[in-house]
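Visitor: heads up, no residue letters with this:
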């Protein structure tokens, strides 16, 4: 289970008890997103979600692995080419 350090939590996280798992945090965030729409329409939610989640995900993984591509590929279960493409997409490597 991944737990965020208090100093890295968002304003929302500080006001709500820590969730039990990543899925709980994702569910809560999506619910907040829909609440914030306040009746407005949305589309392409999957693409929006991936853009919002994927870059910080890779940033944290690369920080955790201290930029070690080999370690990151093993941790992520991705091959080297896929990881390099993702890092390039987000200007992370």
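Guide: Looks like it arrived, so ask away. No experiment lies behind these values; they were computed from the predicted model shown. Numbers count the residues shown, from 1 in each chain.
Visitor: buried sites along the strand or helix carrying residue 56?
Guide: According to DSSP states H and E, residue 56 maps onto helix 45-64. For helix 45-64, burial by neighbour count (16 or more other CB atoms under 10 Å) applies to 55, 58, 61, 62. The way it works is simple: take the backbone N, C-alpha and C, and place the C-beta from them, glycine included.
Visitor: What is that helix packed up against?
Guide: On a contact count with 3 or more CB pairs under 8 Å, 6 or more residues apart in numbering; DSSP states H and E, helix 45-64 meets helix 69-76, helix 80-89.
Visitor: Columns mean pLDDT and mean neighbour count on top of the ones you listed, output as a markdown table?
Guide: Formatted as a markdown table, those follow (pLDDT from 0 to 100; neighbours: other CB atoms under 10 Å):
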| stretch | mean pLDDT | mean neighbour count |
| --- | --- | --- |
| helix 69-76 | 98 | 14 |
| helix 80-89 | 97 | 14 |
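Visitor: now for those, which one comes closest to residue 49?
Guide: helix 80-89 (15.6 Å; CB to CB).
Visitor: And the contacts of the closest one?
Guide: For helix 80-89, the surrounding residues in contact (CB atoms under 8 Å, 6 or more residues apart in numbering) are 54, 58, 62, 69, 70, 72, 73, 76, 78, 92, 93.
Visitor: so what's the second one scoring on pLDDT?
Guide: This means residue 58. Looking at residue 58, its pLDDT is 97.
Visitor: same deal with residue 16?
Guide: 56.
Visitor: any idea how far the residue nearest the centre of the chain is from residue 62?
Guide: By CA atoms, centre = their mean, the mean C-alpha position of the chain lies nearest to residue 53, the distance being 3.4 Å. Between residue 53 and residue 62 the computed distance is 15 Å (CB to CB, to the nearest Å).
Visitor: Give the full set of residues in contact with residue 58.
Guide: 86, 87, 90, 92.
Visitor: go with 10 Å
Guide: Residues in contact with residue 58 (CB atoms under 10 Å, 6 or more residues apart in numbering) are 72, 76, 83, 86, 87, 89, 90, 92, 93.
Visitor: okay, now the last one: neighbour count?
Guide: Going back to what we said before, that points to residue 93. For residue 93, the neighbour count with other CB atoms under 10 Å is 15.
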